[in-house]
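J.: I'll drop the sequence and a predicted model, then ask my questions.
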Amino acid sequence: MNKEKELILNDNLWKVCCRLSLPAIIAMILYGLNVIFDGIFVGRLVNETAFAGLSIVYPLTQLSLGLGSLVGVGAGSYLSILLGNDDKEMQGKLLGNANLISIVATVVMILFGFIFMNPMLRALGAEGEVLSYAVSYYRVTLIGSVFWIIGLAYNMIVRAEGKMKTAAIMMGIGLIVNIISNYVLMAILKLGVAGAAWGTNIGMFVYALLFVIYCKSGKVSFNANVFTINTDRDVIKEIISLGMPSLIMSVMGIIQGIIILRALKAFGTELDITFYGAVFRIFNFSLTPIYGLMRALQPVAGINYGAKQYQRSISSFKIFSFVALIVMLPFWILSMISPSLVLGSMLPQVSFGAEYIFCFRVFMTIAPLLSVTMTAMTFWPSIKKGKPATLIGLGRQLFLYIPLMIILPRIFGIQSIYVGSLAIDVFLSIIVIFMLAQNFKELRELEVKETRCCLE
């Protein structure tokens, strides 16, 4: 038994949380900074219009990360369970099937992206100079999309082993490479928004390269055949079913972005689009501690579930979601107290009035409650229950967000986008809490049943 698995199965869960969470949070903050630095470089070294173009293309770039999450969350969740029940045969098949899914996903996305690039960007509200900037950025990200997908997926697989420190180091190196590349390509070579995209591509390539080096070093805890391609239907089915909620959330996020950006274009100004892009990036960055705790929870819940320690999986969720709340509060409090300071870090040349500051605070209000909702989206695949996460992801967008975001701005104006978002997520969080309570009851009953069978 490797030391990470022994720690996860046997040690005090608060100690496990502390050991795994800090590097996981650091890793996600570093990963989140990739997007933040893209915005900072474009906002400072190009202009406000370029930043608007970047804001419009942002939802589409998330599809690459969504596909990376499909593979990474699916393969990672399955790997943790296999490590828990010590199924070495299936462990050896995992990476080859993950590679196959990544390659197929990349080909489909590149073809779809290049064929429908202009219609999609126009649907998001891009026109004129803004469209030109958006096309320049999106075209380059499509070229490097294979590294966006496998880079993220491979890092999630490392985390699934419980090796959060290793994953964080990989993230740190990738971020440094990304920042240096952005500076060289934008400040020195004057490549503009395309330089920002190439810089991110280079950073993602480094993530993938570091995983290959890690596998060849012999430190990996399972049979990681990194250069293999497998077509095992059962493994592919497990990876896709457990990773599908993450992909659905990304796709629905793109649709959400289209609806909101079209509303901003129809009822607002270019400044409204720029403001939304900045707020969305800041909001996502404020959630990076929660993302970190989610990733740290995944191997703990999954390995314990695989080892049939169901109550320990439940306890891990409660501890990790509580710590996620505590850790994300400082930046959230700063954002709520001084929105102008936070917004000014990204767009120093733009001054936002009281109405924008109100919208910023409203949009940020929900963040603490998401420590439970978002952690649940990782917990469910970790215990082989991908369906609840899928239903929540689809339900939020199809039945709540999209209809309301089409209707509300027409009646109440731009501010209703931010107020409506808050109301939707409060309602959804209540539903998630009730669903979790039912899952906990089922797991406790299963543990009691299996204990009785063992005694008999």
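T.: Received the coordinates, thanks. Residues are numbered from 1 along each chain as shown.
J.: nearest residue to Ile357 other than its sequence neighbours?
T.: Distance criterion CB to CB, 6 or more residues apart in numbering; nearest residue to Ile357, sequence neighbours excluded, is Pro339 at 4.9 Å. Bear in mind the C-beta positions are built from the backbone N, C-alpha and C, glycine included.
J.: Who are the contact partners of that neighbour?
T.: Shown in contact with Pro339 (CB atoms under 8 Å, 6 or more residues apart in numbering): 352, 357, 360-361.
J.: Which among the residues you listed count as buried?
T.: Listed as buried from the contacts of Pro339 are 352, 360; burial here means 16 or more other CB atoms under 10 Å.
J.: Where does the prediction get shaky in the protein?
T.: 1, 31-32, 34-36, 38, 43, 454-456 (pLDDT under 70).
J.: Looking at it, which helix is longest?
T.: Longest helix in the chain, counting residues (DSSP state H): helix 415-455.
J.: so what does it touch, helix or strand wise?
T.: helix 233-267, helix 310-337, helix 354-365, helix 370-382, helix 386-395, helix 402-412 (3 or more CB pairs under 8 Å, 6 or more residues apart in numbering; DSSP states H and E).
J.: so how far is it off the chain centroid?
T.: Its chain's average C-alpha position is 20 Å from that of helix 415-455, according to CA atoms, centre = their mean, to the nearest Å.
J.: and if you look at stretch 331-350?
T.: Distance of stretch 331-350 from the chain centroid (CA atoms, centre = their mean) equals 22 Å.
J.: Can you get me the start-to-end distance on that stretch?
T.: End-to-end distance of stretch 331-350 (CA to CA, to the nearest Å): 22 Å.
J.: Name the residues of it that come out as buried.
T.: Quick answer for stretch 331-350 (16+ other CB under 10 Å): 331-332, 335, 339, 342-343, 346-347, 350.
J.: What is the nearest of these to Thr451?
T.: Closest to Thr451 out of the buried residues of stretch 331-350 is Trp332 (41.4 Å), distances taken as CB to CB.
J.: quick one: contacts for that closest one?
T.: 286, 364, 367-368.
J.: What distance do you get for it to Ser286?
T.: According to CB to CB, to the nearest Å, Trp332 and Ser286 sit 5 Å apart.
J.: what separates Asn201 from Leu185, distance-wise?
T.: 10 Å.
J.: Kindly report the same for Ser382.
T.: 39 Å.
J.: what do you get for Gly413?
T.: From Gly413 across to Leu185, the span is 39 Å (CB to CB).
J.: thinking again about what came up before, what is in contact with Trp332 and Ser286 at once?
T.: When contacts are counted by CB under 8 Å, 6+ apart, the set common to Trp332 and Ser286 consists of 364, 367.
J.: Show me how far stretch 158-167 is from its chain's centre.
T.: Taking CA atoms, centre = their mean, one finds stretch 158-167 lying 16 Å from the centre of the chain it belongs to.
J.: Would you mind measuring the gap between the ends of that stretch?
T.: Start-to-end span of stretch 158-167 (CA to CA) is 6 Å.
J.: What residues of it count as buried?
T.: Residues of stretch 158-167 classed as buried: 158-167 (neighbour count, 16+ other CB under 10 Å).
J.: thinking again about what came up before, show me which of Gly413 and Leu185 is the more surrounded one.
T.: Remark: of Gly413 and Leu185, Leu185 carries more neighbours, 20 against 13, as counted by other CB atoms under 10 Å.
J.: Just give the nearest non-adjacent residue to the more buried one, would you?
T.: Nearest residue to Leu185 in three dimensions, chain neighbours excluded: Gly195, at 3.2 Å (CB to CB, 6+ apart).
J.: Quick check: next helix or strand after the helix or strand where Pro23 lies?
T.: Applying DSSP states H and E as the criterion places Pro23 in helix 13-45. Counting by DSSP H and E, the next helix or strand C-terminal to helix 13-45 is helix 48-85.
J.: Can you give me the buried ones in stretch 222-233?
T.: Residues of stretch 222-233 classed as buried by neighbour count (16+ other CB under 10 Å): 222, 224, 226, 230.
J.: scratch that, stretch 97-111 is what I was asking about
T.: 97-102, 105-106, 109.
J.: then that stretch to CSV, C-alphas only?
T.: The C-alpha coordinates for stretch 97-111 follow below in CSV (Å, rounded to 0.1, in the frame of the first residue of the first chain):
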residue,chain,number,x,y,z
ASN,A,97,-8.7,4.4,-22.6
ALA,A,98,-8.4,7.9,-21.2
ASN,A,99,-6.0,8.7,-24.1
LEU,A,100,-8.4,7.4,-26.6
ILE,A,101,-11.3,9.5,-25.3
SER,A,102,-9.0,12.6,-25.2
ILE,A,103,-7.9,12.1,-28.9
VAL,A,104,-11.5,11.6,-30.1
ALA,A,105,-12.7,14.6,-28.1
THR,A,106,-9.9,16.8,-29.5
VAL,A,107,-10.6,15.9,-33.1
VAL,A,108,-14.3,16.5,-32.8
MET,A,109,-13.8,19.9,-31.0
ILE,A,110,-11.2,21.2,-33.5
LEU,A,111,-13.5,20.3,-36.5
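J.: can you list contacts of it?
T.: Outside stretch 97-111, the residues that reach it (CB under 8 Å, 6+ apart) are 63-64, 67-68, 70-71, 74-75, 142-143, 145-146, 149-150, 153, 157, 226, 228-232, 235-236, 239-240.
J.: Thanks a lot, see you next time.
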